[in-house]
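Trainee: Sharing a model that was predicted from the sequence below.
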Amino acid sequence: MRIEKADRLKNLPPYLFAEIDRLKKEAIDRGRDVIDLGVGDPDQPTPPHIIEALYEAAKDPANHRYALDLGLARLREAIANWYERRFGVHLDPEKEVLPLIGSKEGIAHIPLAFVNSGDVVLIPDPCYPPYRAGTILAGGQPRSMPLLAEDGFLPDLGKIKGRIARRAKLMFLNYPNNPTASVAPLDFFREVVTFAASHDIIVCHDGAHTEIAYDGYRPPSFLQAEGARDVGVEFHSLSKTYNMTGWRLGFLSGNHDVIEGLRKVKSNIDSGIFRAIQLAGCAALQGPQDHLVGLIRLYQERRDVLVDGLASLGWKLSKPKATFYVWTKSPSSHNSAQLARLLLEQADVVVTPGIGFGANGEGYIRMALTVEKERLKEAVKKIGEFHKSGK
Ligand SMILES: *Cc1c(COP(=O)(O)O)cnc(C)c1O
């Protein structure tokens, strides 16, 4: 029998990291000592009091059953309190908060609630891949908003054509940004609110990296902009803040009608989040936050080692204010895939080619600060030797 996949799967963009994944595996199989700056999955453990809360909650049979609701009231309150403390944003825990099975889950599903076949979804280019994939899976048409270095990697809303804006149903945004590590001032979010309100576009801001920022900088929430709640929502996640990527816990906050749309989609797809994980999430959001000071110091030291090291080799790059990524232009005429391949083959360093995040990522590579300082020093040394070899 012939198994024919649906067009929506065929329409997904090719997986552009496949080649680098394959080369990495081959190098490891050959016994090479590969330094992986590719994926960007926190290397530090989840703080112990969160693990303890999971353990306690897992022992209680009351937590073993379906969690068929909007998420536990306790978790929704913990999320609302966290927003209040961190951003001064007051949320109604019943109507304006929705826990998710990781923010990627909600990001990938939200177009199903609002996008009809052929509707336009505005996405940044380069961007975190689920914005584009979720749009295509829902039958929508992704339209790129270029993120350019000369604009500080903020989209130029004035360049979005009227006929595109009229057909647009959703807009994805993400600051601090993956992959460019750029940040947005609150004034930019105000501009977004005005633009979205004038074209009836729902804004989906992804704030996954707001807590990982350096040199005293505190990134704003989209919901701090006046009127933001009338036009949109913000995705957030425990993954980066609490080193909990494997746990799968995120949330959506903001506009009630938008939240209601995603809730309805989800009620037909999943049957809630394991209650023990929700209770551990309460422990994370309500418990001591001091691990974050150490975590930021750790990433900041790593950032300085990598950026100063590459700068000493003649690379032109600056220190990111937030996120655990370094985004930099290829120092040579190689395109991003060629450079990634050369760095792996000649220096045993895995980086992510910018083209994998969108056409405007061409010419750039992304490096993640999720390995130890000593390994980053080694990576710089090996890249230096690779330069000396004349390639
Ligand atoms: C890491 C990351 C997330 C977090 O995803 P989870 O599904 O919550 O683990 C979301 N958005 C961006 C841009 C990210 O880099």
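Mentor: Now that the structure is in, tell me what you want to look at. Residues are numbered from 1 along each chain as shown.
Trainee: centre of the chain versus the lengthiest helix in the chain, how much separation?
Mentor: Among all segments of the chain classified by DSSP state H, the helix with the greatest residue count is helix 291-312. Taking CA atoms, centre = their mean, to the nearest Å, one finds helix 291-312 lying 19 Å from the centre of the chain it belongs to.
Trainee: With the ligand in mind, check whether the next helix or strand after it reaches it.
Mentor: Using DSSP states H and E, the helix or strand that follows helix 291-312 towards the C-terminus is strand 325-329. No - with CB under 6 Å from any ligand atom as the threshold, strand 325-329 lies outside contact range of the ligand, at a closest distance of 8.3 Å. C-beta here means a position set from N, CA and C on the backbone, and glycine is covered the same way.
Trainee: List the buried residues for strand 325-329?
Mentor: 325, 326, 327, 328 (16 or more other CB atoms under 10 Å).
Trainee: quick one: which of these is nearest the ligand?
Mentor: Using CB to the nearest ligand atom, the shortest approach to the ligand within the buried residues of strand 325-329 belongs to residue 325, at 8.3 Å.
Trainee: Report how many residues lie close to residue 129.
Mentor: 22 (other CB atoms under 10 Å).
Trainee: So for it, what's the pLDDT?
Mentor: Here the pLDDT value assigned to residue 129 is 95.
Trainee: One more: residue 390?
Mentor: Here the pLDDT value assigned to residue 390 is 67.
Trainee: Equivalent analysis for residue 34, please.
Mentor: Predicted confidence (pLDDT) for residue 34: 95.
Trainee: quick one: it and residue 26 touch, right?
Mentor: No - because the distance of 10.0 Å does not satisfy CB atoms under 8 Å, residue 34 is recorded as not touching residue 26.
Trainee: which of those two has more neighbours?
Mentor: Residue environment comparison for residue 34 versus residue 26 gives the larger neighbour count to residue 34, 18 against 12, counting by other CB under 10 Å.
Trainee: and the more buried one, what does it touch?
Mentor: Residues counted as contacts of residue 34 (CB atoms under 8 Å, 6 or more residues apart in numbering) are 24, 27, 28, 344, 348, 349, 350.
Trainee: Apart from its neighbours in sequence, what residue is nearest residue 62?
Mentor: Counting by CB to CB, 6 or more residues apart in numbering, residue 275 is the residue found nearest to residue 62 once chain neighbours are left out, at 7.7 Å.
Trainee: Give me the distance between the one you found and residue 249.
Mentor: 12 Å (CB to CB, to the nearest Å).
Trainee: And residue 96, by the same measure?
Mentor: In this structure, residue 96 and residue 249 are separated by 18 Å, where distance is defined by CB to CB.
Trainee: Who has more neighbours out of these two?
Mentor: In this comparison of residue 96 against residue 249, neighbours counted by other CB under 10 Å, the higher total goes to residue 249 at 26 against 23.
Trainee: what about the more buried one, distance to residue 236?
Mentor: Residue 249 sits 10 Å away from residue 236, going by CB to CB.
Trainee: and what of residue 113?
Mentor: Residue 113 is 18 Å from residue 236, by CB to CB.
Trainee: likewise residue 199?
Mentor: Taking CB to CB as the measure, residue 199 falls 25 Å from residue 236.
Trainee: Equivalent analysis for residue 2, please.
Mentor: Relative to residue 236, and taking CB to CB, residue 2 is found at 43 Å.
Trainee: So those two - more neighbours on which side?
Mentor: When neighbours are counted by other CB under 10 Å, residue 2 and residue 236 differ, and residue 236 comes out ahead with 29 against 3.
Trainee: List the contacts of residue 37.
Mentor: The neighbours of residue 37, taking CB under 8 Å, 6+ apart as the test, are 349, 350, 351, 352, 367, 368, 369, 370, 371, 376, 379.
Trainee: same thing but at 6 Å, please
Mentor: Contacts here follow CB atoms under 6 Å, 6 or more residues apart in numbering; on that basis residue 37 touches 350, 351, 367, 368.
Trainee: Tell me which of those fall in strands.
Mentor: Where the contacts of residue 37 overlap with strands, as defined by DSSP state E, the overlap consists of 350, 367, 368.
Trainee: need those residues in JSON lines with pLDDT and neighbour count, can you?
Mentor: Putting these into JSON lines (pLDDT from 0 to 100; neighbours: other CB atoms under 10 Å) gives the following:
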{"residue": "350", "pLDDT": "96", "neighbour count": "23"}
{"residue": "367", "pLDDT": "97", "neighbour count": "29"}
{"residue": "368", "pLDDT": "97", "neighbour count": "25"}
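Trainee: closest to the ligand among the residues you listed?
Mentor: Distance to the ligand, by CB to the nearest ligand atom, is smallest for residue 368 among these, at 10.0 Å.
Trainee: my guess is that closest one meets residue 40, correct?
Mentor: Yes - taking CB atoms under 6 Å as the definition, residue 368 is a contact partner of residue 40 at 3.5 Å.
Trainee: quick one: low-confidence parts of the chain?
Mentor: Across the chain, residues meeting the criterion (pLDDT under 70) sit at 390-391.
Trainee: Alongside the ligand, which residues does this structure contribute?
Mentor: Counting by CB under 6 Å from any ligand atom, the residues of the chain close to the ligand are 102-104, 128, 174, 178, 206, 208, 237, 239-240, 245, 250.
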